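> Got a sequence here, can you model it:
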Amino acid sequence: MRFADPWAFTLLALVIADAARGWPRRDRMPAAHLGFPGVAFLVNAPAIGRVRWLGVPAAMRTLALALLVVALARPQSDGLRRDTPVRGRNIVLTLDISSSMKALDFRTGNRLEVAKRVLADFVARRRGDFLGLVVFAGRAFTQAPLTTDADVVLDLLRRADIGMLPDGTAIGTALAMSESHLEDLPRESGVIVLLTDGGNNTGYPDPLAAAEAARALGIRIYTIGVSSRGATPVAPYETGRPATMEAPSSLSTREEQILGRIAAISNGRYFRVSDDSALVHVLAEIDGLERTDRHLSEVVSYHEYFVIPLLAAVLLIAGDLVLRATWLRTMP
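This next block holds a predicted model:
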């Protein structure tokens with residue numbers, strides 16, 4: 001059961017106010033009345049006969065108004081449902097946008113430019129897949145939640161750039177955020193593709209703990225180390241400092257081992273790429289993952305039940321009017 005217009009329940013405040021104002025009380029005199037000063041001794045006399053039922057019309061009126069509010073809220077139940085079989089994957093792309101991604105490892109641009117270009121081609125070829133995008137540096141940020149709209153993901157991917165987040169490499173934080181988009185989906189249907197050029201140096205949780213959580217949730221992590229062998233120059237910053245002052249080291253053996261363990265724990269794989277073609281080949285291999293069958297259930301119509309409280313309200317209002325005009329008629 002659901003209500004199509006739940007905002008209507010705010011009108012119950014008016015119903016309560018009306019009931020408080022109109023409920024009959026023995027100590028409340030009507031607007032027009034006749035005074036008999038000689039019968040004051042009857043004030044505390046017990047109610048007898050029809051006097052005991054004087055509150056019934058007011059109760060019927062209050063209940064009728066409440067039922068009218070329920071009718072306005074439009075109670076519904078699921079009607080026709082449509083199940084659509086979908087064969088696809090749930091993929092979260094997790095992209096490092098720390099300052100070291102400006103390194104000029106590749107012939108056609110810096111690390112980030114090449115990664116974005118290859119990922120854009122990967123996204124553009126998705127059919128029936130749910131895609132998400134998480135970017136990270138010293139912190140992580142969801143650039144795009146899971147969606148089948150590849151154009152939206154492409155647009156947000158193009159906007160991702162160095163400087164959007166405080167500098168650093170919070171791999172564990174980024175993995176935890178990526179997993180949060182996949183945790184409620186069927187097991188073995190979620191994939192995280194992590195692209196980074198460094199080791200974890202900030203944030204929480206630890207990357208290996210995040211990998212253990214991914215394994216528990218049935219999420220595979222494919223880690224890609226984007227770095228050449230040896231130190232590489234970095235594109236100059238706007239400050240005009242020489243690029244040689246910002247030359248980072250490549251992925252260390254220890255950092256590669258951690259990326260490999262992240263992948264192994266979650267039943268994924270680790271790849272090391274140092275040029276455009278290698279990155280294209282890695283994403284093509286990930287593209288060959290087995291797709292997961294799932295069904296999307298969609299409610300296309302609802303059964304309306306507003307008529308039931310509406311008819312009940314009409315009958316109560318009619319009963320209220322009849323009682324006030326006949327058996328429980330009062331003077332004046």
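
> For the stretch 101-250 of the chain, give me the ranges with low pLDDT.
229-249 (pLDDT under 70).

> hey, where'd the strands end up in it?
Here the stretch 101-250 of the chain has its strands, by DSSP state E, counting those that start in this stretch, at 130-136, 140-147, 190-196, 219-226.

> closest to M60 out of those?
Nearest of these to M60, taken as CB to CB: strand 140-147 at 50.0 Å. For glycine as for every other residue, the C-beta is placed from the backbone atoms N, C-alpha and C.

> Buried residues in that closest one, which are they?
Neighbour-count burial for strand 140-147 flags 140-144, 146 (criterion: 16 or more other CB atoms under 10 Å).

> likewise stretch 112-124?
For stretch 112-124, by 16+ other CB under 10 Å, it's 112-120, 122-123.

> who touches that stretch?
93, 95-97, 101-102, 105-106, 108-109, 131, 150, 153-154, 157-158, 160-162, 195, 226, 276, 279-280, 283, 287 (CB atoms under 8 Å, 6 or more residues apart in numbering).

> Swap in 6 Å and give it another go.
Residues outside stretch 112-124 that contact it (CB atoms under 6 Å, 6 or more residues apart in numbering) are 93, 101, 106, 150, 153-154, 157, 195, 226, 276, 279-280, 283.

> Just put those in CSV and tack on distance to T10 and neighbour count.
Below are these laid out as CSV (distance: CB to CB, whole Å; neighbours: other CB atoms under 10 Å):
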residue, distance to T10, neighbour count
L93, 43, 25
M101, 51, 29
F106, 59, 23
A150, 40, 18
V153, 38, 26
L154, 42, 19
L157, 42, 23
L195, 49, 26
V226, 54, 29
D276, 59, 17
L279, 55, 23
V280, 57, 16
L283, 52, 22
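
> Which one of these is nearest to P57?
Among the contacts of stretch 112-124, and counting by CB to CB, the member closest to P57 is V153, at 62.2 Å.

> correct me, but that closest one touches A144?
Yes: using CB atoms under 6 Å, V153 is in contact with A144, at 4.9 Å.

> anything in contact with each of these two?
With CB under 6 Å, 6+ apart as the test, V153 and A144 both reach L133.

> what's the closest of the buried residues of stretch 112-124 to A19?
V123 (58.6 Å).

> What's the separation between that closest one and G132?
11 Å (CB to CB, to the nearest Å).

> Check G38 and give its pLDDT.
In this model, G38 is scored at 56, pLDDT.

> Just tell me which of the strands of the stretch 101-250 of the chain ends up closest to T326.
Of all these, strand 140-147 comes closest under CB to CB, at 63.0 Å.

> Any chance you could list what contacts that closest one?
In contact with strand 140-147 (CB under 6 Å, 6+ apart) are residues 130, 132-135, 153, 156, 160, 170, 173-174, 177, 181.

> closest to L80 among the buried residues of strand 140-147?
Among these, and counting by CB to CB, the member closest to L80 is L146, at 26.2 Å.

> would TSV of the contacts of strand 140-147 with distance to D18 be doable?
As requested, the contacts of strand 140-147 are exported to TSV (distance: CB to CB, whole Å):
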residue	distance to D18
F130	50
G132	50
L133	53
V134	52
V135	55
V153	53
L156	51
A160	56
A170	57
T173	54
A174	56
M177	50
H181	48
